[in-house]
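Participant: What follows is a predicted structure for the sequence shown.
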Amino acid sequence: MKEILYKSTRSEDGALKASEAILKGLADDGGLFVPIELPELDKSMEELSKMSYQELAYEVLKLFYTDFTEEELKNCIAKAYDEKFDTEEIAPLAQVKDPYHLELFHGPTIAFKDMALQILPHLLTTSAKKNGVENDIVILTATSGDTGKAALAGFANVEGTKIVVFYPDGGVSPIQEKQMITQKGDNTHVVAIKGNFDEAQTGVKNIFNNKELAKEMDKSGFQFSSANSINIGRLIPQVAYYVYSYAKLLSEGKIEDGEKINVVVPTGNFGNILAAYYAKSIGTPIDKLVCASNENKVLYDFFNTGEYDKNREFILTTSPSMDILISSNLERLIYHIAGDDANKNKELMANLASTGVYNITDDMRTKLTDFVGKFASEEETAQTIKKIYEDTGYIMDTHTSVARCVYEKYVAETGDNKTTVIASTASPFKFTRAVMNAIDPKYQSGEDFELIDELSRIGNIKIPNAIEEIRNAEIRHNTKCETEDMENIVKDFLGI
């Protein structure tokens with residue numbers, strides 16, 4: 001099999017093996033690691049359609065992680081996708097009227113982040129062994145809600161690791177916050193910052209890029225890595241579920257082999273839709289990649305104008321995991337559409353850092369024809385939850401509703417009726433208050449767990465274990481800090 005190496009989006013120098021890139025998380029120059037070339041699927045869709053999720057995940061991961069042995073990869077996959085998921089299929093497809101909802105929320109923290117964050121700890125610890133690393137790996141992560149809990153659950157009590165999660169105080173749902181602050185594990189630390197997600201993410205990147213701190217850490221037996229979707233060990237496992245969704249549709253006779261489908265993804269940090277782009281690039285018959293934004297519609301504006309402008313009001317919405325104005329993973333796409341030109345990408349990212357704006361060239365825009373950008377307002381998001389529930393009895397969360405609303409707008413405007421997969425990124429139980437209020441305003445005043453019980457009743461859905469276990473859980477983390485104190489918080493936790 002062809003070896004796939006990784007390089008930074010901001011430098012023409014150097015090439016790392018997959019395990020080395022996974023360990024580093026972020027390149028030394030602040031860039032993100034990308035495969036120097038994209039592999040191609042070496043099994044037919046017909047063959048893939050007969051496989052379990054675990055078997056298909058191996059077929060995708062082996063193409064990108066070429067320095068892992070078959071045994072190593074299969075071991076990581078087996079440990080990740082097991083009885084922690086509440087459905088044997090791992091990522092079931094539910095037909096809701098015409099489109100199919102790819103339910104990515106059946107893992108232990110009931111959000112799509114589990115799909116990658118259950119395997120990342122095993123990829124990281126395997127990478128450390130392969131590269132003779134003796135330091136403890138310190139996972140440093142900013143979260144807009146879901147990544148934090150999924151990373152905490154993945155890394156809790158994993159030997160040789162510690163994890164620090166920063167989240168915006170008041171910027172996540174009550175259930176998301178309770179999931180994080182009740183997290184067990186001696187190696188876990190959760191901190192609310194007085195700021196928004198973009199400020200948390202920038203703070204994390206600044207800590208990563210602090211060379212003096214890195215030396216101090218090394219002396220104390222630690223080194224940083226990331227569980228955010230900037231880590232290539234987090235991004236590639238997401239490619240698998242898009243390939244799987246196509247193979248599943250084929251196995252059920254819903255599409256013909258080779259027939260193209262569309263994919264709609266509710267998008268914040270751009271990792272999830274970038275994974276769909278990679279799935280298409282390696283040979284999955286996908287036509288349009290529909291990027292669904294909420295009222296923080298920086299990506300909608302980008303796809304429609306070619307200008308990325310983060311200088312705008314930051315809006316707190318009912319889909320908080322998408323309340324993001326700096327979509328970190330978009331940098332990987334910018335690099336690719338610039339013809340893998342690190343210097344051009346570096347120039348644009350420097351513009352973003354200095355002015356908050358960059359404009360891509362006309363030539364680069366011609367390479368974005370796979371993508372369609374649309375958005376849903378808060379009112380439209382709520383209306384869509386209500387309408388789909390009343391029409392079908394199916395209850396979806398706010399992020400999935402943004403995508404569903406955008407799908408319906410796209411079909412109405414274009415008449416494109418291709419079979420469509422909508423990435424359903426979280427359980428409605430994670431955003432119960434917003435979901436129930438959308439269904440009927442009479443639920444506005446209910447207590448969180450009363451609303452959970454009512455959602456279960458009206459939707460005839462079993463309450464997930466992830467919710468039951470926090471109902472009366474002890475609060476274990478109550479640290480709060482200003483953004484400028486983030487580094488000191490990390491050092492205090494590590495005792496350096």
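Facilitator: Now that the structure is in, tell me what you want to look at.

Participant: Okay, residue 258 and residue 68: tell me how far apart.
Facilitator: Distance of residue 258 to residue 68, computed by Cβ to Cβ, to the nearest Å: 30 Å. Heads up, the C-betas are built off the backbone N, CA and C, glycines and all.

Participant: hmm, I was thinking of residue 179
Facilitator: Using Cβ to Cβ, we find residue 179 at a distance of 31 Å from residue 68.

Participant: who's more crowded, residue 258 and residue 68?
Facilitator: Of the pair residue 258 and residue 68, residue 68 is the one with more neighbours under other Cβ atoms under 10 Å, namely 22 against 8.

Participant: Three-state assignment for the more buried one, please.
Facilitator: Following DSSP: H, G, I helix; E, B strand; the rest coil, residue 68 is assigned to coil.

Participant: Return the residues in contact with it.
Facilitator: Residue 68 makes contacts with 18-19, 61-62, 76, 126, 130, as judged by Cβ atoms under 8 Å, 6 or more residues apart in numbering.

Participant: hmm, 7 Å instead?
Facilitator: Neighbouring residues of residue 68 by Cβ atoms under 7 Å, 6 or more residues apart in numbering: 18-19, 126.

Participant: so residue 40, which of the three states?
Facilitator: In three-state terms, and counting by three-state DSSP, residue 40 is coil.

Participant: With the one 10 residues further on instead?
Facilitator: Assigned state for residue 50: coil (three-state reduction, three-state DSSP).

Participant: Compute the distance between it and residue 450, please.
Facilitator: Residue 50 sits 45 Å away from residue 450 when distances are taken as Cβ to Cβ.

Participant: Equivalent analysis for residue 177, please.
Facilitator: 18 Å.

Participant: neighbour-wise, which of those two wins?
Facilitator: Legend: neighbour count by other Cβ under 10 Å for residue 177 and residue 450, higher for residue 177 (22 against 13).

Participant: which element is the more buried one on?
Facilitator: In this structure, residue 177 sits in helix 174-181 according to DSSP states H and E.

Participant: So which bits of that helix are buried?
Facilitator: By neighbour count on 16 or more other Cβ atoms under 10 Å, the buried set for helix 174-181 is 175-181.

Participant: Now do that helix: everything it contacts.
Facilitator: With Cβ under 7 Å, 6+ apart, helix 174-181 has contacts from 109, 145-146, 148-149, 152, 165, 167, 190, 430, 432-433, 448, 466, 470, 475-478.

Participant: now stretch 414-426
Facilitator: The contact list for stretch 414-426 (Cβ under 7 Å, 6+ apart) reads 99-105, 110-112, 146, 245, 249, 254-255, 260-266, 272, 287-288, 396-397, 399-400, 403-404, 407, 410-411.

Participant: And stretch 277-286, by the same measure?
Facilitator: Residues from elsewhere that reach stretch 277-286 (Cβ under 7 Å, 6+ apart): 38-41, 63, 239, 242-243, 246, 258-261, 263, 276, 289, 333, 370.

Participant: go with 6 Å
Facilitator: Contacting residues not belonging to stretch 277-286 are listed as 38-41, 239, 242-243, 246, 258, 260-261, 263, 289 [Cβ atoms under 6 Å, 6 or more residues apart in numbering].

Participant: correct me, but residue 287 touches residue 262?
Facilitator: Yes - with contact defined as Cβ atoms under 6 Å, residue 287 reaches residue 262; the gap is 5.5 Å.

Participant: So if I had to pick from these two, which one is more boxed in?
Facilitator: residue 262 (22 against 16).

Participant: and the gap between that one and residue 161?
Facilitator: The value you get for residue 262 to residue 161, if Cβ to Cβ is used, is 39 Å.

Participant: Tell me which helix or strand comes right after the helix or strand residue 76 falls within.
Facilitator: Using DSSP H and E, residue 76 sits in helix 70-80. Next helix or strand after helix 70-80 toward the C-terminus (DSSP H and E): strand 93-95.

Participant: Run me through the strand neighbours of that next one, direction for each.
Facilitator: Strand 93-95 has the following strand partners under DSSP bridges: strand 100-103 (antiparallel).

Participant: Give the buried residues for the following helix or strand past the strand it pairs with.
Facilitator: The helix or strand immediately downstream of strand 100-103 is helix 114-117, counting by DSSP H and E. Using 16+ other Cβ under 10 Å as the test for burial, helix 114-117 gives 114-117.

Participant: Point out the other helices and strands that helix 114-117 packs with.
Facilitator: helix 146-155, helix 232-251 (3 or more Cβ pairs under 6 Å, 6 or more residues apart in numbering; DSSP states H and E).

Participant: what packs against the first one?
Facilitator: Pointing back at helix 146-155 there. helix 114-117, strand 161-168, helix 174-181.

Participant: Same check on the last one?
Facilitator: Contact partners of helix 232-251 among helices and strands, from 3+ Cβ pairs under 6 Å, 6+ apart: helix 45-48, helix 53-64, helix 114-117, helix 120-130, helix 271-281.

Participant: what's the angle between the helix holding residue 76 and helix 146-155?
Facilitator: On the basis of axes from the mean of the first three to the mean of the last three Cα atoms, to 10 degrees, helix 70-80 is oriented at 110 degrees to helix 146-155.

Participant: how about the CA coordinates for helix 70-80, as PDB?
Facilitator: C-alpha atoms of helix 70-80 as PDB (Å, rounded to 0.1, in the frame of the first residue of the first chain):
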ATOM      1  CA  GLU A  70      -3.300  -4.000  10.600                       C
ATOM      2  CA  GLU A  71      -3.300  -5.400  14.200                       C
ATOM      3  CA  GLU A  72      -2.800  -1.900  15.700                       C
ATOM      4  CA  LEU A  73      -5.600  -0.300  13.700                       C
ATOM      5  CA  LYS A  74      -8.000  -3.100  14.300                       C
ATOM      6  CA  ASN A  75      -7.200  -3.000  18.000                       C
ATOM      7  CA  CYS A  76      -7.900   0.700  18.100                       C
ATOM      8  CA  ILE A  77     -11.200   0.200  16.200                       C
ATOM      9  CA  ALA A  78     -12.400  -2.600  18.400                       C
ATOM     10  CA  LYS A  79     -11.800  -0.600  21.600                       C
ATOM     11  CA  ALA A  80     -13.600   2.400  20.200                       C
END
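
Participant: Could you measure from residue 199 over to residue 310?
Facilitator: Remark: distance between residue 199 and residue 310 (Cβ to Cβ) = 12 Å.

Participant: More neighbours: which of those two?
Facilitator: With neighbours defined as other Cβ under 10 Å, residue 199 and residue 310 compare such that residue 199 has more, 20 against 17.

Participant: Please identify which helix or strand holds the more buried one.
Facilitator: Counting by DSSP H and E, the element that carries residue 199 is helix 197-208.

Participant: Buried by neighbour count: which residues of that helix qualify?
Facilitator: So, applying 16+ other Cβ under 10 Å, buried residues of helix 197-208: 197-205, 207-208.

Participant: now that helix: how far from the chain's centre is it?
Facilitator: The chain centroid and the centroid of helix 197-208 are separated by 17 Å under Cα atoms, centre = their mean, to the nearest Å.

Participant: what do you get for stretch 417-435?
Facilitator: That offset, for stretch 417-435, works out to 14 Å (Cα atoms, centre = their mean).

Participant: Can you point out the buried residues in it?
Facilitator: By neighbour count, with 16+ other Cβ under 10 Å as the criterion, the buried positions of stretch 417-435 are 418-435.

Participant: Return the subset of those lying in helices.
Facilitator: Counted as lying in helices by DSSP state H, out of these, are 432-435.

Participant: Let me see the contact set for the nearest residue to residue 111 once chain neighbours are set aside.
Facilitator: Spatial nearest neighbour of residue 111, excluding adjacent residues (Cβ to Cβ, 6 or more residues apart in numbering): residue 146 at 3.9 Å. Residue 146 is in contact with 111, 113, 321, counting by Cβ under 6 Å, 6+ apart.
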